[in-house]
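# Show me the folded form of this:
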Amino acid sequence: MAEPNPRPLPGGPRPRPNAPNRRLLGRGARPNTRGPGAPATNSDVEPAPRRGWKAIPAPIRWLGVIILLLVAAAAIFLWLFQWNWLRGPIDNYASRKLQRQVVIHGDLTAHILTWTPNMTGRNVTVAQPAWAGAGQMATLPSLTLGVDLKALLGGKLVMSVIDAERPVVDLRRDASGRDNWSFGAPNTASPPLKLPPIRHFTIADGDVSVDDAERHLHFTGQVSSNEQVTGYGRGNFSLNGQGTLNGNAFVAKIEGGPLINVDPSKPYPFQSDIRAGATHIAAQGSIPRPFDLGVFQANGRITGQDLADLYDLTGVATPNSPPYDLAGRMSRNGDRVDITGIHGRLGSSDLAGHLTVLRKDNRRAVTGDLSSRNLKLADLTPVIGGAPRGALKGAITSAKQQAIAAQLTAEHRILPDGRLDVSRIRDTDADIRYRADSVDAGPLPIRSLSLHAKLDHGLLVVDPLALSLPQGAISGHIRLDARGATPASAVDLALTNAQIQELLPKGKGGAPPIQGSLEARARLSGVGDSVRTVAGSANGVVAVAIPQGQMRQLFAELLGIDIGRSLFLYLSKDQSPTPVRCAVAEFQARDGILTAQRLLIDTGAVRAEGGGTVNLKDETLNLEISGKPKHFRLLRIAAPITMKGRLDDPKVGVDVVKALPQLGISAALGAFVSPLAVALPFITGGQAKDADCGALLAEAATHGAPVGRTAVVAAKH
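The predicted model follows:
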């Protein structure tokens, strides 16, 4: 009989009926549910739960073991590893990339257990390329490079730190254009320097030297961006130095914002001040994506004595010019540079417009559109190697042009002998349009000018070249071929529908000495590297024609040296005209000497013909013209009028020698016949006939004078 449950004590827990005592069963045993008295089995005992290492599933336990072994191995490796073991592999890799020997001579250390790991090399050297000779291109006592791992995992390279201690950099370029800062294939243009974003950039007490044989530049400077510097400008980047550029003093000062904690998403500001001889460039701008130097914008101003001096700074061939003061905005995007908003002065002329410089296949191509509201024509004379006529009278010219003007004046010359540097124009291509709304050409009545110049691998073509006159125009083209050993030039200019009275100096009153339409054409070619040498070898044709007009009769009589009639007209102040039926001048040029093939003026009173030469080699002329009256004249001297001397100051006179026979006959008649007979040799009956103007003008037209068909037909009738 089962023992009844004991009665609970007052206030104590009431035991459940038939509940097994788990303490008696033991820990983990299950109660006997088969009833009282039933034998216990193994299944009645509950197993204890697993805890600790054994509770982890076996695959995970093995993975943990492997990880622990790897961590232990890494710890042992790092404890035993020497970073100097990597110097050789790093040297070899860098040498292959830079195509020159790179050596880490000192210790190599690293900090890698961080999101911004970095490595420091001591006593790092980068050798010069083989062609540059012995020595080191760069020496760095200490160089630290670090990278941002978080940015790198996002697919972007960001340098966390670049720290260069006392770097010494020696940059070189030879006369053929090879430079040691290009690391690509030989004879290829080096792209703009493009560095990844740098958050912390420090340059402590660096030295830079440049020896550029191509640009004739020798420069030494100091560069720094040291966060340890205190006071004003703390941490700012600066490059200051001096040297020579093509024999002239060269000073450069470039400053930028702090390089500490640079934000790659914000533009990096900079300013520069460069002086090379008389050239001064001041600019202020920014780099939108630090430090991609292939993209930047800057506002700048440039002043100097001659635009051609910019070649040594820019590598772009520019023409000679008077002193200038120009400003604008420059934007660079890779190999393209745009200069917009150009404004300022060139000599006494204003200049505005835009230019684009594109570099391709190691060549520079310049395109653009320039204009002037008012052009002083003398400001273009330096383009051909000369100087304005007023250079010695206070004109805006450089010291060089003052010297050219003084030499031309001393030697009584007009044609300049400034030599063309053909190597420059072979390196640059160009396509430039220029126009001047108004022109100050001194005594010449030029109203406007326009031209289109194209330069292609040493071949310069100015076509069209157009100058408008109050009546008529000058048009044509100029060609300069500098592709060969000796430059060859050709000029083809035509003067059409002009009025001769507009081209002559204005008198103090009265009618102009000659009036009428004027047509002319010059087709000349020559060889040489200066205007003087080209003119001295010129071949071609120069033709001038006056299809119709009128001349003051006083001047017409003077052509025939009619003393009596001319004296009467002069004393009576007679301004009456006589018609000019036609006038033709044709010159054949050979080896710089223009020989008159025809020189004729046919007026209503006199028909005058002549000849002679114009020598462009020594800039002299020797012309004469003899007139024969068409009517009875008293006291006419049979002697030609001459024009001799230098082109800059010709002298007009009478060749008395050719009048000696007439004077001799007069003297003989006076001595042997009668004193009254002295005048007989000076009396003419006026046998001169009208010239066949139609035929003469037609012939002039075939020789190049742009005489219209209407004028030829009118002259024939």
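# Any chance of the backbone angles for the most centrally placed residue in the chain?
The chain has Val316 as the residue nearest its centroid, 3.8 Å off, counting by CA atoms, centre = their mean. The phi/psi pair for Val316 (degrees, to the nearest 10) reads phi -100, psi 130.
# measure Leu149 to Pro196 for me?
14 Å (CB to CB, to the nearest Å). To be clear about C-beta, it is placed using only N, CA and C from the backbone, and glycine gets the same treatment.
# Let me know the pLDDT of the residue nearest to the centre of the chain.
Note on Val316: pLDDT of 89.
# In contact with it, which residues?
Neighbour list for Val316: Leu310, Val357, Arg364, Val366, Thr428 [criterion: CB atoms under 8 Å, 6 or more residues apart in numbering].
# excluding its backbone neighbours, what's nearest Ala94?
Val102 (3.9 Å; CB to CB, 6 or more residues apart in numbering).
# Any idea how many residues pack against that neighbour?
If you count neighbours by other CB atoms under 10 Å, Val102 ends up with 21.
# repeat for the one 5 residues further on
Burial of Asp107 is recorded as 13 neighbouring residues (other CB under 10 Å).
# Quick check: it touching Trp85?
No: assessed by CB atoms under 8 Å, Asp107 is found out of contact with Trp85, at 11.5 Å.
# Show the model's pLDDT score for Thr109.
92.
# Roughly how far does it sit from Asp163?
Thr109 is 13 Å from Asp163, by CB to CB.
# try Ala204
8 Å.
# same question, Gln588
In terms of CB to CB, Gln588 sits 77 Å off from Asp163.
# who has more neighbours, those two?
Comparing Gln588 with Asp163 by other CB under 10 Å, the one with more neighbours is Asp163, at 19 against 16.
# isn't that one right up against Leu140?
No: applying CB under 8 Å as the test, Asp163 and Leu140 come out as separate, 9.9 Å apart.
# wait, what's in contact with the nearest residue to Gln471 once chain neighbours are set aside?
Counting by CB to CB, 6+ apart, Gln471 lies nearest to Gln499, which is 4.7 Å off, once chain neighbours are set aside. Applying CB under 8 Å, 6+ apart to Gln499 gives the contacts Pro470, Gln471, Gly472, Gln515, Gly516, Ser517, Leu518.
# Run a quick neighbour tally on the second one.
Look at Gln471: counted by other CB under 10 Å, it has 13 neighbours.
# Show the model's pLDDT score for it.
So, for Gln471, pLDDT stands at 89.
# Please verify my assumption that it contacts Glu502.
Yes: counting by CB under 8 Å, Glu502 is a contact partner of Gln471 at 6.3 Å.
# picking that back up, I figured the residue nearest to Ala94 was touching Arg96, is that so?
No: the criterion here is CB under 8 Å, and Val102 misses it with Arg96 at 9.2 Å.
# what kind of secondary structure is Arg532 in?
helix (DSSP: H, G, I helix; E, B strand; the rest coil).
# what about it, neighbour count?
With other CB under 10 Å as criterion, Arg532 counts 23.
# Now do the strands in the stretch 151-300 of the chain.
With DSSP state E, counting those that start in this stretch as the criterion, the stretch 151-300 of the chain has strands at 159-165, 168-173, 201-212, 217-225, 236-245, 248-258, 268-276, 279-287, 295-304.
# what does stretch 472-485 contact?
With CB under 8 Å, 6+ apart as the test, stretch 472-485 has contacts from 420, 422, 425-426, 446, 457-467, 487-499, 502, 518.
# Okay, and which of these map to helices?
Val422, Ile425, Arg426, Glu502 (DSSP state H).
# most neighbours, which of the residues you listed?
Ile425 (21 neighbours).
# quick one: the residue nearest to the centre of the chain and Ile425, what's the gap?
Distance from Val316 to Ile425, by CB to CB: 11 Å.
# Equivalent analysis for Leu326, please.
Separation of Leu326 from Ile425 (CB to CB): 21 Å.
# Can you give me the domain boundaries for the chain?
Domain assignment for the chain, taken from automatic domain parsing, gives 85-303, 305-485, 509-519+540-717.
# now the strands: where do they sit in the stretch 401-550 of the chain?
Counting by DSSP E, counting those that start in this stretch, the strands of the stretch 401-550 of the chain are 428-440, 448-456, 459-468, 473-481, 488-499, 514-527, 539-546, 549-552.
# hey, what's in contact with both of Thr109 and Asp163?
Thr120.
# quick one on the thing from earlier: what sits in contact with each of Val316 and Ile425?
Looking at what touches both Val316 and Ile425 (by CB under 8 Å, 6+ apart), there is no common residue.
# Low-confidence regions, the stretch 551-700 of the chain specifically.
552-576, 630-639, 654-697, 699-700 (pLDDT under 70).
# ok, now with 80
551-578, 603-606, 627-641, 652-700 (pLDDT under 80).
# what number of residues lie near the residue nearest to Val462 when sequence neighbours are not counted?
Leaving aside its sequence neighbours, Val462 sits nearest to Ile478 (CB to CB, 6+ apart; 4.3 Å). Here the number of neighbours of Ile478 (other CB under 10 Å) works out to 16.
# what's the pLDDT at Ile478?
95.
# Gly277 versus the nearest residue to Asp273 once chain neighbours are set aside, what's the distance?
Counting by CB to CB, 6+ apart, Asp273 lies nearest to Lys253, which is 4.6 Å off, once chain neighbours are set aside. Lys253 is 16 Å from Gly277, where distance means CB to CB.
# Ile104 is in contact with Arg122, correct?
Yes: with contact defined as CB under 8 Å, Arg122 counts as touching Ile104 (7.2 Å).
# out of these two, which sits in the busier spot?
Ile104 (22 against 15).
# Roughly how far does that one sit from Ser182?
Taking CB to CB, one finds Ile104 at 23 Å from Ser182.
# Endpoint to endpoint, stretch 377-396 covers what distance?
13 Å (CA to CA, to the nearest Å).
# Would you indicate which residues of it are buried?
Neighbour counts over stretch 377-396 (16 or more other CB atoms under 10 Å) mark 377-382, 384-389, 391, 395-396 as buried.
# quick check: mean pLDDT across that stretch?
77.
# rewinding a little: what's the ChimeraX line that selects buried ones from the contacts of stretch 472-485?
This is the ChimeraX syntax for the buried subset of the contacts of stretch 472-485, where burial follows 16+ other CB under 10 Å:
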select :420,422,425,426,446,458,460,462,465,467,487,488,489,490,491,492,493,494,495,496,498,499,502,518
